[in-house]
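Undergrad: Quick one, structure for this:
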Amino acid sequence: MITSKKLTAERIAEIEKTPIVYDEDSPEFSKEELQEFVPYHKEYFDITPKKILISIKLDADLLAMMKATGKGYQTRINKCLREAVISGKF
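TA: Modelled structure (predicted):
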């Protein structure tokens with residue numbers, strides 16, 4: 001059973017407003033200490049997203065603007081979509 005809340009812009013704002021409480025069980029770490037953390041089983045932490053080939057229709061002017069930026073425009077479209085979803089603007 002999944003009991004987690006959907007991660008919406010409102011939920012992100014709610015999380016950001018929640019104060020962080022440090023104690024002996026969860027101490028605050030310095031940047032240097034945080035850089036020492038590494039996954040125990042690195043093979044399980046491959047976070048490279050899997051690319052899936054799809055067909056999509058875009059407005060001609062939007063596609064022309066993206067193509068005009070040069071090689072790698074599809075990667076930039078993907079980046080724009082990812083940023084929109086993460087920021088809650090989608």
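Undergrad: Dump the C-alpha coordinates for the lengthiest helix in the chain into PDB.
TA: Looking only at the chain and at elements set by DSSP state H, the helix with the highest residue count is helix 73-87. Extracted as PDB, the C-alpha positions of helix 73-87 are listed here (Å, rounded to 0.1, in the frame of the first residue of the first chain):
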ATOM      1  CA  TYR A  73      18.300  20.300 -29.500                       C
ATOM      2  CA  GLN A  74      16.400  17.100 -28.500                       C
ATOM      3  CA  THR A  75      18.500  16.900 -25.300                       C
ATOM      4  CA  ARG A  76      17.600  20.500 -24.600                       C
ATOM      5  CA  ILE A  77      13.900  19.800 -25.100                       C
ATOM      6  CA  ASN A  78      14.300  16.900 -22.600                       C
ATOM      7  CA  LYS A  79      16.000  19.300 -20.200                       C
ATOM      8  CA  CYS A  80      13.300  21.900 -20.500                       C
ATOM      9  CA  LEU A  81      10.600  19.200 -19.800                       C
ATOM     10  CA  ARG A  82      12.500  17.900 -16.800                       C
ATOM     11  CA  GLU A  83      12.900  21.300 -15.300                       C
ATOM     12  CA  ALA A  84       9.200  22.100 -15.800                       C
ATOM     13  CA  VAL A  85       8.200  18.800 -14.100                       C
ATOM     14  CA  ILE A  86      10.600  19.200 -11.200                       C
ATOM     15  CA  SER A  87       9.700  22.800 -10.600                       C
END
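Undergrad: can you pull the buried residues of it?
TA: Judged by neighbour count using 16 or more other Cβ atoms under 10 Å, the buried positions of helix 73-87 are residue 77. Placement of C-beta: from N, CA and C, glycine included.
Undergrad: And the helices in this structure?
TA: For the chain, the helices defined by DSSP H cover 9-17, 31-35, 60-68, 73-87.
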